[in-house]
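>>> The sequence and its predicted three-dimensional model are supplied below.
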Amino acid sequence: MFRSSPLTSPLVSRRRALGFGVLGAATLAAALTGCGSTTPAGSAAPGAASAGTPSYYPADYSKLLDASKVEGGKLTIYSNTDQENWAPILRDFKAKYPWTKVSADNLDSDEVFQRQLSEMATGKAPADMLVSNAVQAWASYAGKPDTLMAYDSPETKQLPDYAQLMPNVWAMSLDPVGIAYNSALMKEAPTSIASLAKAVAADPASYKNKITTRDVKGAWGFSVSHAFAAGDAGAWTGLDGILPSARPESSSGTQKEKIMAGEYLAGFFISSAVGYPAEKASGGLVKFVLPTDGTVVLGRGIGITPKAPHPATAKLFLDFVLSETGQNAVAEGGLSSYRDNVQLTEGRHTYQEVEKLAGKDGIIRVPYKVVPDAEVTAFVSKWNAKLGN
């Protein structure tokens, strides 16, 4: 059996593979009405697919393409995803749909949802889609009424049952969280939280303020840290040995730069979306490993906003990201895709690879579920009390 946070138990999927949870032109108006009129929640009846689409796509899928062209193919995405991760996805989406023009902002984890809610309150919300792996922030946002557009992607039935994180929220990728370190400065590679704690104990002076972790006051930092502590019975033994020498940072990108520069020797709970590309770009100066005493895996959620200015293009994009072509682009950009038919060329990573490296028993899953405020406060207080000055 896999190890997991107690929070996963109500949300474990039937396959128990990941436990993320279950759950104004007139022409444009006519086109959108036509492509969504066959079944509820934006889905279409099964039948022969439009030319150039898979056989399992609805017969009238071409209407969605026509509606996107009327929209001008514009699409605005609020995300906490780096441009290097987006690059192959946006490239291949435009190659498939040449009329599209996608803008994907790179915001802080919490800012993705704060900005969207603030703009919704004014009645002027320009974002079509939200993409983030800040589980707590996603769960809190999606738990509010009228925050997501209902849509039934034709790709859903082709995906593992854990691909849908919440109603109308899918996993764009399933990214592990690991340890990044400066291979020129560390004598021995840390393979786990416990081994990093052992290295600190052997030479505390050299590691003082030389380790970085994510700020647990942020949604992303809390999610991964809380999940590890709850999912590994011996977690606090290792954490107690590391945290006094650690300093928090608000982004994996900042951590990567400081590890590369030698300001930090190592960082733990670093997103693989940053870790894998950093290892490649640095020529191995920065190494990224999955902890053998528990690897946290986060679903990078993607969903359509309730009043998306360009709904047809948003649906096209969602379908593309979940498709075989889209998942290959996801992997090329440094994220971990999860379709079985992703081509495993050098530099690409998949969830299946994480299972092999960390072991199914070593994966700690983070459910898309809000942790009670009291529990958040208690954990953040305990964690920050152990940090060094």
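Perfect, thanks for sending it. Numbers count the residues shown, from 1 in each chain.
>>> Extract the C-alpha set from stretch 375-389 and format it as PDB.
Output of stretch 375-389 as PDB, limited to C-alpha atoms (Å, rounded to 0.1, in the frame of the first residue of the first chain):
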ATOM      1  CA  GLU A 375      -4.900  22.600  11.700                       C
ATOM      2  CA  VAL A 376      -3.200  25.000   9.300                       C
ATOM      3  CA  THR A 377      -2.400  27.400  12.100                       C
ATOM      4  CA  ALA A 378      -1.100  24.700  14.400                       C
ATOM      5  CA  PHE A 379       1.200  23.200  11.700                       C
ATOM      6  CA  VAL A 380       2.500  26.600  10.500                       C
ATOM      7  CA  SER A 381       3.300  27.600  14.100                       C
ATOM      8  CA  LYS A 382       5.100  24.200  14.800                       C
ATOM      9  CA  TRP A 383       7.100  24.400  11.600                       C
ATOM     10  CA  ASN A 384       8.200  28.000  11.900                       C
ATOM     11  CA  ALA A 385       9.200  27.600  15.600                       C
ATOM     12  CA  LYS A 386      11.800  25.000  14.400                       C
ATOM     13  CA  LEU A 387      13.300  27.200  11.800                       C
ATOM     14  CA  GLY A 388      16.700  28.800  12.400                       C
ATOM     15  CA  ASN A 389      17.300  32.500  12.700                       C
END
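>>> what is the rounded mean pLDDT of it?
What stretch 375-389 shows for mean pLDDT is 93.
>>> Likewise for stretch 84-100?
Across stretch 84-100, the average pLDDT comes to 96.
>>> What's the first helix or strand after the helix or strand of the chain with the lowest mean pLDDT?
When the helices and strands of the chain are scored by mean pLDDT, DSSP states H and E, helix 26-35 comes last with a mean of 36. Where DSSP states H and E defines the elements, the next helix or strand beyond helix 26-35 is helix 62-71.
>>> what's downstream of that next one, the next helix or strand?
Using DSSP H and E, the next helix or strand after helix 62-71 towards the C-terminus is strand 74-79.
>>> what helices or strands is that next one leaning on?
strand 101-106, helix 109-122, strand 129-132, helix 311-322 (3 or more C-beta pairs under 8 Å, 6 or more residues apart in numbering; DSSP states H and E). (Glycine included, C-beta is placed from N, CA and C.)
>>> Can you add mean neighbour count and distance to Y264 and give the ones you listed back as a markdown table?
Below are the helices and strands packed on strand 74-79 laid out as a markdown table (neighbours: other C-beta atoms under 10 Å; distance: least, C-beta to C-beta, whole Å):
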| stretch | mean neighbour count | distance to Y264 |
| --- | --- | --- |
| strand 101-106 | 17 | 22 |
| helix 109-122 | 17 | 20 |
| strand 129-132 | 26 | 25 |
| helix 311-322 | 25 | 33 |
